[in-house]
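>>> coords below, sequence missing:
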Ligand SMILES: Nc1ncnc2c1ncn2[C@@H]1O[C@H](COP(=O)(O)OP(=O)(O)OP(=O)(O)O)[C@@H](O)[C@H]1O
Ligand SMILES: Nc1ncnc2c1ncn2[C@@H]1O[C@H](COP(=O)(O)OP(=O)(O)OP(=O)(O)O)[C@@H](O)[C@H]1O
Ligand SMILES: [Mg+2]
Ligand SMILES: [Mg+2]
């Protein structure tokens, strides 16, 4: 009740919130932006999204452009947190509140996290994943596929790998899909399979890689396990629509869905809280694991009925 | 002569002893000796591929001999590279033009020695100096245009300007005149004599007898990379010199044939080149006729050849055996039965990175099989034929064309065209850089083509050649035909007058 | 480029990509001379390849297995197909920067056609036709509008890229369950008696390309244009049409590559592997095709693709750390080519006066 | 390349890299003729640029602001600096594919030096020295070992890339808080009387480069080699040394770019923007420098960088959907250059007999 009246109050003076996206063409980013816009609309706010298209330099310019356009708040998913401090400082100097998405920094007020990018908690998704793997294949042999050598991805790989070892799994190989495309992932996997044909499971840092792995496995004449059934286990992350389909068709064991749409809402909520003077250091959006078990209950990101008040946050 | 006598007493400026140069598949030089004295003009002659350029390159530091030594001022010297040669005062104009196409005339002339003031290139004096040299050569072009935009002859002039403007002690001219008109040649030869009087030694490579006799004091003759001998000029009779070069008597040099003029094959009516260099031109050529085309550079004679060959856009009507020919499109022109040999071998004829074989068969692609499929057996057969028939000196048909000697490259270009069996041949400077022996062979071939009913047009800046070959001569002056000469009217005198002034001087008419 | 580089890229005794000369008419003989010619141009790569393979066979038992071999083949088919198209373009003296992007665009078209439910045949034909079309766009702009090929293909690179994104608004089209995909999937996956269809297909394409280049007047025209287009024109070769054709072929190859790609990944993705373009061009040049045109051939390109493919495979098998991969990769490449250059400059012969350059 | 393309890239009236046509010795006059020459080569781009700016100024109020202008300048300084290095290389007839990677590698070295706490001056000098070194590696391999430049720079591209990763095992070095970074940060950020230091610096670099190319025998040597390296050699120009120098300069520029990059990003990242290389080369070629060498200059390159920069800025301001960006980008590029070609071929004049080709 009360919070919605806050919303009413907020809508009286319309705000423009800029979002600097690392690469807009990615489906999860589009979902995030969609969420951002729904949230903003519900408060009568406007959004201004600028795409860095994977260039940190462009991202710096983009934020400067936002400052020139005099937006009221900047939310940013930094391509490279290490390389934005100056820009943040400029924003702070211009007294513009900063909301980070999976990004931190001294001047960033609130950071909205994907749960699967955090590793502290006991129930951190990739720790859970490791235990899940161990449950499916006790003492099994697994291969871990990371992506381009950037800290965030390496963090996730580390999180899973350590948990996996702790859970008694053997990590046969830890490779990186540097080119970050399905085709390169499948090429890598074909090579790896010819070396380790007794592998039980693959963990991939994202869905593109996972699907590449899955393709290579089928080409090697093996089956994909739905976890319980025999075959090779392959999981990805991002909850891309084609990954979800793959899960439905049994070509992927499962995928971690960070709920980007909800993340967009959370950004708006963070700003709302900040205006209301009760800003939190971080909001963590729950990540869901879709697999054969729960895939029938899957709803498209936009249509999960989340509102600013019902964002699935980790308490 | 006195200059010559003094020269002999002094130690030679440059002396080459037992030079040997091997290339994959050929030995270009097999122990050749050569001496040249200050103030002497020595001509180096011999058949195509006999090793002249190779020897020149060795002296010029472009190539290193595999064996043998070089003495400069009597001291043994290793000429490591062209700049070392420069430091020794050896400057060479190589057979293939060595200009930077995208750079200006001024910069090409001053290349490698641009004047500097206060540490920075002094363009104004660079341009002034370039200007001055060109004036000496009596060449009137802007020093600011990129050489790319100049004709071959003007490019050659730039090359010459560069050479004579660098204070040389030994000047090597490798067929420097081959792409020059008579007039330009005379100017160059005059300059050569001047330089010689100033004590500069000149090593002159040329296939043009008159030049040797008018300018050189000695001739050193090579054959197949070996030294045939050195003879004094002009005292040695031409026949003897030619025998030394070719190893046999040439007999009737320009050859001749039973001239039987048939029906009209080529009708040209109001032909105009799009660049405006050639104003409306009309004439006809009959089967079995050899038509010569003369004129100074820029007179439009080059445009005539290019227009007929489809190399440049042109308008007007051209008919072969009564059928209209579409202009500006080589494919149609060839299909219509016109075979064209351009004058700029490097730019418009050679396929540089390809083999002799490819350079021949590129003209025959349509004829080497059916439906676009090439029968390599037919191809190989014809390539073999052509190499023999046109006396191309190459170690194998697979040899890269650019590794052939200049004259042999020219033979390949002529051969591939002659082999087409066309009705009309348009040949621009056909014997550029070709040795005397091969020249008369080519002349024989032209006669053969003519007698077999082809109409042959020869555009040439070599008057003796034109006169020796042609049944009829058109002379161009300022873009249009100013005179047509036949029979006894054909003489160096008349052609010269027409080319220079556009009209024949009364007294010549009286003479004839 | 400096004469030295020229020397290095077009070596004096490097033969040439043209017709066999001293070869007897028999196919066998001409194949042999082809091999000689290729090896003439790419000693270094061959040497490097052999050394690599021996090293890997010894250190990585898996390497020498048939399974791994087929992996390398399958994993590099896309690169090979694109590289063959690129060979035509580079031989003609051009370069096609848009080839990888064209691949992605055609892949998306294939995906869309399948999702639209047209049968396999129509989808495949449609895709190839679209590939042809993209090639024709490049070709027309370059050969008839005379816009510099680098500008054109740079422009179409980003246009095709964006087209691929627009088609599915950035999403990957999952083709696995679409009826009509089955045949393509089988084609990319199955084998006859252990020999993958892909391998057979690759061989066929290579042979056809080689024959076209050597035994058709079109092929000869490509070499002639790349060598000296003015001379080619004066000898009655239709420069504009040949140039157009060359880019059309590149487009067609992009189409083929797209089919293989989608077949293998069971999905059409608009995202282009950022290293693909360079890899393709590298393969062609390493194979000894002169980037200035007129010299080289598909034989060399196959070598180049194999070489790069084996390096990658080796790096994975002997799992070199991600960070060091690039270093190894680059060193092997440079050293291999240096070997070839060295041979031609007689570094390995007894020092003798006058190694030129 | 086909003569048509040649014609298109080196147009008859396209001027040339040489001295000013009617160069009165005075700087002003020569500057003017420089402008004429550049414009001669790049009408299309200039036209395109002007049209673009007018359009944007009208539709996007922000565009014409000084703030946005400085933003464009700052945002394209890295590209500009790399492009100037690339201009030297391309003028000499080569290409440096490793330039972006060299930038990343030097950036990491700068980061490491700062973290090692060596102080601003040493760090900057050290970084530039390292840039020189990387350039020298390319240069020696190309000019003295005669390995084809494409192979060399392709190889060093992946070596430098991997070197950058190895240095910090893939992590970005956050330089913001490191002492010694302050001056560089200020340099990348601050301005005098509203004119950013960066702008001033860019102008200085451009002018110096232009003067070197036009008024030093080294500069002329670069043109000579690019135009006809054999001619250069025969006229006593030291081809090998000049070529080496050219790549060294490219390396130095990479070093400068690295400093600006780190200064702007307040961090040294080993990851290379995959489009950077093509953007840099595109800028040079769009600026009218012939990729075959010997013709062009930094003036054109500045135009090229501005052109591409303004397109990007425009796309961002008038926020075109990401998916369509590429299309717009490519179209503008092709059309702009086509304008130039069109002008030279007289498409816009009354049809007159004999437009060539
Ligand atoms: N770089 C090379 N590689 C292989 N063979 C070569 C090379 N240069 C010259 N030759 C061969 O050496 C021989 C002599 O060539 P050279 O150019 O010296 O003859 P030339 O006397 O100058 O002939 P021309 O009068 O036609 O110029 C020729 O057979 C030529 O094919
Ligand atoms: N390499 C060559 N040497 C000499 N003459 C040649 C060569 N190639 C072609 N010719 C001649 O050029 C003319 C035109 O060739 P074309 O192939 O049209 O004639 P053709 O009668 O079809 O020859 P073929 O019967 O061999 O197919 C023929 O007289 C042919 O002999
Ligand atoms: Mg010669
Ligand atoms: Mg026949």
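Okay, I see it. The shown structure was predicted, so the numbers you read here are calculated from the model rather than taken from an experiment. Residues are numbered from 1 along each chain as shown, chains lettered A, B, ... in the order given. Ligands and ions are numbered 1, 2, ... in the order given.
>>> give the contact list for residue C:307.
C:45, C:48, C:49, C:52, C:283, C:286, C:336 (Cβ atoms under 8 Å, 6 or more residues apart in numbering or on different chains). All C-beta atoms are positioned from the backbone trio N, CA, C, and that covers glycine.
>>> in the stretch 251-400 of chain B, which spans are helices?
Taking DSSP state H, counting those that start in this stretch as the criterion, the stretch 251-400 of chain B contains helices spanning B:301-309, B:330-335, B:345-348, B:356-361, B:376-389.
>>> what about those, which gets the closest to residue D:208?
helix B:345-348 (36.8 Å; Cβ to Cβ).
>>> and the closest one, does that touch ligand 3?
No. Helix B:345-348 lies apart from ligand 3 when judged by Cβ under 5 Å from the ion; the minimum separation is 12.5 Å.
>>> show the backbone phi and psi for residue B:435.
Torsion angles at residue B:435 (phi, psi; degrees, to the nearest 10) stand at phi -70, psi 160.
>>> just the contacts of residue C:307 that are near chain D?
Within the set of these, contact with chain D (Cβ under 8 Å from any Cβ of the partner chain) is found for residue C:286.
>>> mind checking which of the contacts of residue C:307 land in helices?
Counting by DSSP state H, the part of the contacts of residue C:307 found in helices is C:45, C:48, C:49, C:52, C:283, C:286, C:336.
>>> so what pLDDT did residue C:195 get?
In this model, residue C:195 is scored at 92, pLDDT.
>>> against residue B:501, how distant is it?
Distance of residue C:195 to residue B:501, given as Cβ to Cβ, to the nearest Å: 81 Å.
>>> burial count for residue A:306?
21 (other Cβ atoms under 10 Å in any protein chain shown).
>>> now for the helix or strand harbouring residue B:417, which elements pack on it?
Element membership for residue B:417 (DSSP states H and E) is helix B:406-418. Contacts defined by 3 or more Cβ pairs under 8 Å, 6 or more residues apart in numbering or on different chains; DSSP states H and E place helix B:406-418 against strand B:338-341, helix B:345-348, helix B:356-361, helix B:376-389, strand B:424-428, helix B:436-451.
>>> just put these in a markdown table and tack on mean neighbour count and mean pLDDT.
Below are these laid out as a markdown table (neighbours: other Cβ atoms under 10 Å in any protein chain shown; pLDDT from 0 to 100):
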| stretch | mean neighbour count | mean pLDDT |
| --- | --- | --- |
| strand B:338-341 | 25 | 96 |
| helix B:345-348 | 20 | 88 |
| helix B:356-361 | 28 | 95 |
| helix B:376-389 | 18 | 93 |
| strand B:424-428 | 27 | 96 |
| helix B:436-451 | 20 | 88 |
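>>> could the ones you listed go into TSV alongside distance to ligand 1?
TSV is the format used below for the helices and strands packed on helix B:406-418 (distance: least, Cβ to the nearest ligand atom, whole Å):
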stretch	distance to ligand 1
strand B:338-341	17
helix B:345-348	11
helix B:356-361	10
helix B:376-389	13
strand B:424-428	18
helix B:436-451	9
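>>> need the mean per-residue confidence for stretch C:322-335.
Stretch C:322-335 comes out at a mean pLDDT of 88.
>>> contacting residues for residue 205?
Went with chain A since none was named. Residues A:145, A:146, A:147, A:153, A:156, A:157, A:177, A:236, A:237 are the ones in contact with residue A:205 under the rule Cβ under 8 Å, 6+ apart.
>>> sorry, I should have been clearer: chain B.
Contacts of residue B:205 (Cβ under 8 Å, 6+ apart): B:43, B:44, B:45, B:52, B:53, B:56, B:95, B:172, B:173, B:174, B:175.
>>> 7 Å - rerun?
Residues in contact with residue B:205, defined by Cβ atoms under 7 Å, 6 or more residues apart in numbering or on different chains, are B:44, B:52, B:56, B:173, B:174, B:175.
>>> which residue is nearest the middle of chain C?
residue C:83 (1.1 Å; Cα atoms, centre = their mean).
>>> counting neighbours, which bits of the helix or strand that contains it end up buried?
According to DSSP H and E, residue C:83 maps onto helix C:66-91. Under the neighbour-count criterion of 16 or more other Cβ atoms under 10 Å in any protein chain shown, helix C:66-91 has C:68-91 buried.
>>> go on, stretch A:216-235?
Quick answer for stretch A:216-235 (16+ other Cβ under 10 Å): A:216-220, A:224-227, A:231-235.
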